[in-house]
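Engineer: Based on what follows, work out the 3D shape:
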Amino acid sequence: MFKLSQIAVVSLLALCGASAFAYDSKGEPITVNLNAGNTVRESAAPTLDDFSADNIAKAKRSEDDPFKGSDIRDLRVAAVREAAYGLGIRNGLVARSILIKEFLYRHRSEMDRIFNFAPLMLDCGKEEKNRYSQKLIAERPNENCVMQPPVILGAKNLLSDKDGQGDVLRYSKASFRIKKQARLITTIPIWENYLVFDAGMPGNDVHPSLFPKNDEEKRVWNQALAEGWDKGVDQANAIYRQNLAMLNEDFSGMQRYQYLLLQNLVTKPFVSRNRLGVTGNGKTGISIDDITLTITERPEFNLNSNDWMLFPSF
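Structural biologist: This next block holds a predicted model:
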């Protein structure tokens, strides 16, 4: 009888090589390379003799059998296919996510340089009388507080159907809207927060009773495993593309806010400070020089064009 650790080792090796174990027409274990389409013998893979399970195809039917009138054999094959397909999806997703993570970390220095959020952050330690100040405050307050700027989306040369009937067209040279407002944060965002996702570890969680037992089931298993693997890879790629789009939108949106702030087209946020002094119940805890920071005014657009430094373009 094989050990679970053997399955884990075989599955891990198969994933690292973009492959998975399957069975040939003679019942011999093989490793299927899902990328190249070739196969190689793998002596460490479990054989069919290692698996023990009741043959549900030979289950005795009763008069009240809910499956009466149906082919129980088809149900068995469908269950094998579903198990293999799910196994392929899960491990394809894991394998692809590992490759994506390795690719990103190989280009860490370049990613750090391109997506550097630190210069875009706002200081929340000072209130300024001039709401349209061009000064980007660099010094940090004692409270070690940082404010994440709003994310502003923009479009130029925007043409739209104003009334929805085609009677009036509306043209805008530039249009902006705030998608995410400014907020207080304790840590500056980094690109890894967006792009690196954990899909788990590779492994085989299929119950032994669903492993293939004959030539037909082996064929179904191999095909479903390959299809599931491709589906899992596609899912990992889709997650990465979605996360990358969100990263680009947030980063460029914060840059756009700083650009519009320099032109006095948007306002700065304001933070109020409430000094509570010493707080606590005196029995189990105490806080000294306790301070709360609260956003009292969030950024908004300045509709008075006379205050603008330049007409916005991007």
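
Engineer: so which helix or strand takes in Tyr105?
Structural biologist: When elements are assigned from DSSP states H and E, Tyr105 belongs to helix 72-106.

Engineer: Check which helices and strands that helix sits against.
Structural biologist: Applying 3 or more CB pairs under 8 Å, 6 or more residues apart in numbering; DSSP states H and E, we find helix 72-106 packed against helix 4-16, strand 19-23, helix 192-195, helix 215-262. The way it works is simple: take the backbone N, C-alpha and C, and place the C-beta from them, glycine included.

Engineer: can you put those in JSON lines and add mean neighbour count and mean pLDDT?
Structural biologist: Written out in JSON lines, the entries for the helices and strands packed on helix 72-106 read as follows (neighbours: other CB atoms under 10 Å; pLDDT from 0 to 100):
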{"stretch": "helix 4-16", "mean neighbour count": "16", "mean pLDDT": "40"}
{"stretch": "strand 19-23", "mean neighbour count": "23", "mean pLDDT": "50"}
{"stretch": "helix 192-195", "mean neighbour count": "17", "mean pLDDT": "96"}
{"stretch": "helix 215-262", "mean neighbour count": "18", "mean pLDDT": "94"}
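
Engineer: Make JSON lines from the ones you listed and add distance to Leu93 to it.
Structural biologist: As requested, those are exported to JSON lines (distance: least, CB to CB, whole Å):
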{"stretch": "helix 4-16", "distance to Leu93": "10"}
{"stretch": "strand 19-23", "distance to Leu93": "13"}
{"stretch": "helix 192-195", "distance to Leu93": "16"}
{"stretch": "helix 215-262", "distance to Leu93": "4"}
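
Engineer: among these, which is nearest Arg177?
Structural biologist: Taking CB to CB as the criterion, helix 215-262 is the member of these that comes nearest to Arg177, at 10.0 Å.

Engineer: What are the contacting residues of whichever helix or strand comes after that closest one?
Structural biologist: Towards the C-terminus, the helix or strand next in line after helix 215-262, according to DSSP H and E, is strand 270-279. Residues from elsewhere that reach strand 270-279 (CB atoms under 8 Å, 6 or more residues apart in numbering): 124-125, 127, 143, 145, 147, 184, 286-297.
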